[in-house]
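>>> coordinates only, sequence not included:
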């Protein structure tokens, strides 16, 4: 193992993707965001440093869930810092499949071209996301960074200015969602390993080659140009998916729908009496995610729209389950993998309630 160009301990992933090119292209696509004065940046960081612990307290009281050994804390970062953090995450996830792809193969001129193409396409996709994301709980951070929540300062400030949102209210609103994700994993130590296991099993089952991966990345761009962009699963993760893995995909989809839907449900319920502008925030963010045109087609091509649908279907599941069995009954969902809903149960919450209640 060696230290890769993106700072991660890697070997195969370094041979598969030119991470320096990915970072360069990503920075160009993401841009730096609107200008912020040092005072504005400092105020943003101070606000989130105060708001995130308070959001954690509110979420814990509402859900009855603990957050784990470490308190949640905010990192207000630039778009480039967000890009670098997610490239490192992608590099870690890609390492096993890269080792499988490249086993027994020698480097050559074609490999150099392949690395550059993959780097450019991956950087372009993450760069696009980098100028939209507001907050993120990174599930696969090292243990020493447990509790860290990302906020992209330029994006938060830009949305607040564009829609004239009250800053403190909006920052609390988005913090509630991200802190809920942090508490989900803090309350259930098995959940991180379960998600990692699903991804590892899925990646280990692949029979791919580097040319196939290049084609998948290129396909996102081609579908945007043709107007034929369709469902593409879990964003960049879906670029690695094959048709014969549908059961695994549905298990991952059900889990992500639960996590995202629970985050939105908690955010909405906690904010009812706390954040006067929450309804407006929700309405404007929904409109932002559903604008028609080329950008909407690109969102579909890279799976960004699926995340929005996961919010909706998962939130309906949580709301119906809590209505039927209360918060304490719903919290059985965090007891172990057997308590997690299937995709069919996400769509029919009463089926999950019946199964769990009978166990």
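Thanks, I have it. Worth saying up front: this structure is predicted, and the values here are computed from it rather than measured. Numbers count the residues shown, from 1 in each chain.

>>> quick one: low-confidence ranges for the stretch 151-300 of the chain?
Along the stretch 151-300 of the chain, segments meeting pLDDT under 70 span 202-246, 289-300.

>>> if you set the cut-off to 90 instead, what comes out?
186-187, 189, 192-193, 195-253, 285-300 (pLDDT under 90).

>>> could I get the full set of helices for it?
153-163, 167-187, 189-204, 210-226, 246-271, 278-289, 294-302 (DSSP state H, counting those that start in this stretch).

>>> among the ones you listed, which comes closest to residue 343?
helix 246-271 (4.3 Å; CB to CB). C-beta: built from backbone N, CA, C; applies to glycine.

>>> how far off centre is that closest one?
11 Å (CA atoms, centre = their mean, to the nearest Å).

>>> circling back to that earlier point, just the helices of the stretch 151-300 of the chain: most buried one?
Of all those, helix 167-187 carries the top mean neighbour count, a mean of 23, counting by mean count of other CB atoms under 10 Å.

>>> what's the angle between that helix and helix 278-289?
On the basis of axes from the mean of the first three to the mean of the last three CA atoms, to 10 degrees, helix 167-187 is oriented at 80 degrees to helix 278-289.

>>> what is helix 167-187 packed up against?
helix 38-63, strand 135-137, strand 148-152, helix 153-163, helix 189-204, helix 246-271, helix 278-289 (3 or more CB pairs under 8 Å, 6 or more residues apart in numbering; DSSP states H and E).

>>> what lies in contact with the second one?
Looking back up the chat, that one is strand 135-137. 82, 149-152, 156, 174-175, 177-179, 181-182, 185 (CB atoms under 8 Å, 6 or more residues apart in numbering).

>>> how about the residues you listed in a markdown table, adding distance to residue 140?
Listed next are the contacts of strand 135-137 as a markdown table, based on distance: CB to CB, whole Å:
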| residue | distance to residue 140 |
| --- | --- |
| 82 | 15 |
| 149 | 14 |
| 150 | 13 |
| 151 | 18 |
| 152 | 18 |
| 156 | 23 |
| 174 | 21 |
| 175 | 21 |
| 177 | 19 |
| 178 | 15 |
| 179 | 18 |
| 181 | 13 |
| 182 | 13 |
| 185 | 10 |
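
>>> I'd assumed residue 15 was in contact with residue 119.
No: the criterion here is CB atoms under 8 Å, and residue 119 misses it with residue 15 at 11.9 Å.

>>> more neighbours: which of these two?
The neighbour count for residue 119 versus residue 15, taken as other CB atoms under 10 Å, is higher for residue 119 (23 against 19).

>>> list the buried residues for the helix or strand where that one lies?
Using DSSP states H and E, residue 119 maps to helix 109-130. Of the residues in helix 109-130, 114-130 count as buried by neighbour count, 16 or more other CB atoms under 10 Å.

>>> likewise stretch 47-55?
Applying 16+ other CB under 10 Å to stretch 47-55 flags 47-48, 51-53, 55 as buried.

>>> same question, stretch 129-141
129-138, 141.

>>> nearest to residue 358, of the residues you listed?
residue 137 (32.8 Å).

>>> without its sequence neighbours, what residue ends up closest to the closest one?
Once flanking residues are discounted, residue 137 sits nearest to residue 181: 4.0 Å by CB to CB, 6 or more residues apart in numbering.

>>> before we move on, the earlier item: spatially, which two of the buried residues of stretch 129-141 are the most separated?
Of all pairs in the buried residues of stretch 129-141, the most separated under CB to CB is 131 and 141 at 22.4 Å.
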